[in-house]
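Novice: Build me a model from this:
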Amino acid sequence: MHHKDNVAYVASTLPVSVLDQRLNEWKIARILVASRQLEISYRYLKEKHPQIEILVVPRHPFLQLLTLFLHLLSSRINSCKVYFFHECCCFLFDISIGLIRPKGVFHPIVTLNSFQRIELRETPQGLKKIIISLLGLSKQFTPYLRDGENGGAAEILWARTGYPHCITKSVSLPRLQTDRKICALSSRKKLDVLILLGSDIVSSRLLRAFYQRLLNSFCETDACFYGKDHPNPGSRLNFMDKRVKMIDPYCPIEFVEDNFDFVIGVASTALAHFPGRAITVLSLLGNENPQAVVRRLEHLRDILSQGELFVPLTFEELIDYLNFQRER
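Specialist: Numbers count the residues shown, from 1 in each chain. You can find the predicted model right below:
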């Protein structure tokens, strides 16, 4: 690989569509991925762009910091650019890029509207807070509270809101939506429905029961269901039913062959790839945490315009909507 090639850092599959489209334009030759599991997903990108080198950042904090330091320092010495896309959760990367200051471009993919912003004084003392204080970066980081998944405890996330002047922030957010077109329903009037699985703010037991109820509402001649679990093994619902054809969970949603009439999920950003066919069942799963539900819906409406997302308020409304689309 030539020393003048640029590098990208990714912490999720969200940037895969942007990278697929702009690797050559941005002259990116190496992608640093945040975990071994994420590297499996990015193999799909490498199949389309075999010239790309994909490197896994070590899990151990010290080795992770050392790896990031070396690559960012190399980028600075060779006047290369670093492209990154995350809004939060990449603490060591955000610290490293502020210390080494390579040239770079920050392309935020989504907003943090689904998280609750909190004051610095409200956060408990911890290692990350101590590091931020010691480095004098209190004004550069903002804490957010992420609602726990599957009934778990909430988690504090540190988002870097101010980068050094060597980092250019993209003026416009890259749309998560692809150029997919709305599929016309087949003449046989049988629905092909993709369910975006994955744990969320409700209990996984409740979510599995909901999807069982959904499957029980259709016979095999009326609908064919597909399931796509979360790329991250720690965020999977692990829902299994013989009536559901499972898709490789590691496959980025952008690379899944799309013949679906509708796509159902809770609050997954993957819904953004199916405007006009996206359905969120967020309002059908109880309201133990109504504020979290509101934040999730705001997040979805940030990435899907009015008319691109259907939000049923009752289970019967969901079934009636699907049956109406099938029969018309």
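Novice: which phi and psi does Thr142 have?
Specialist: phi -120, psi 130 (degrees, to the nearest 10).
Novice: Residues in a beta bridge with it, which ones?
Specialist: Beta bridges link Thr142 to Ala159, judged by DSSP bridges.
Novice: Could you tell me the model confidence score at it?
Specialist: pLDDT for Thr142: 91.
Novice: CA atoms of the longest helix seen in the chain as PDB?
Specialist: Taking DSSP state H as the criterion, the chain has its longest helix at helix 61-77. The C-alpha trace of helix 61-77 is given here as PDB (Å, rounded to 0.1, in the frame of the first residue of the first chain):
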ATOM      1  CA  PRO A  61      -7.300  -0.800  25.800                       C
ATOM      2  CA  PHE A  62      -3.500  -0.400  25.800                       C
ATOM      3  CA  LEU A  63      -3.000  -2.200  22.500                       C
ATOM      4  CA  GLN A  64      -6.000  -0.400  21.000                       C
ATOM      5  CA  LEU A  65      -4.500   3.000  22.000                       C
ATOM      6  CA  LEU A  66      -1.100   2.000  20.700                       C
ATOM      7  CA  THR A  67      -2.600   0.800  17.300                       C
ATOM      8  CA  LEU A  68      -4.600   4.000  16.900                       C
ATOM      9  CA  PHE A  69      -1.600   6.200  17.800                       C
ATOM     10  CA  LEU A  70       0.600   4.500  15.200                       C
ATOM     11  CA  HIS A  71      -1.900   4.700  12.400                       C
ATOM     12  CA  LEU A  72      -2.900   8.300  13.100                       C
ATOM     13  CA  LEU A  73       0.700   9.300  13.500                       C
ATOM     14  CA  SER A  74       1.500   7.700  10.200                       C
ATOM     15  CA  SER A  75      -1.300   9.500   8.600                       C
ATOM     16  CA  ARG A  76      -0.100  12.800   9.900                       C
ATOM     17  CA  ILE A  77       3.600  12.200   8.900                       C
END
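Novice: Give me the contacts around it.
Specialist: Contact with helix 61-77 is made by 3, 6-7, 9, 30, 32, 55, 57-58, 80-82, 92-93, 96-97, 100-104, as judged by CB atoms under 8 Å, 6 or more residues apart in numbering. The C-beta positions use only the backbone N, C-alpha and C, and glycine is treated the same way.
Novice: Mind checking which of those are buried?
Specialist: 6-7, 9, 30, 32, 57, 80-82, 92-93, 96-97, 100-102, 104 (16 or more other CB atoms under 10 Å).
Novice: List the ones among those residues that fall in helices.
Specialist: 92-93, 96-97, 100.
Novice: and stretch 11-27, how far out from the chain's middle?
Specialist: 14 Å (CA atoms, centre = their mean, to the nearest Å).
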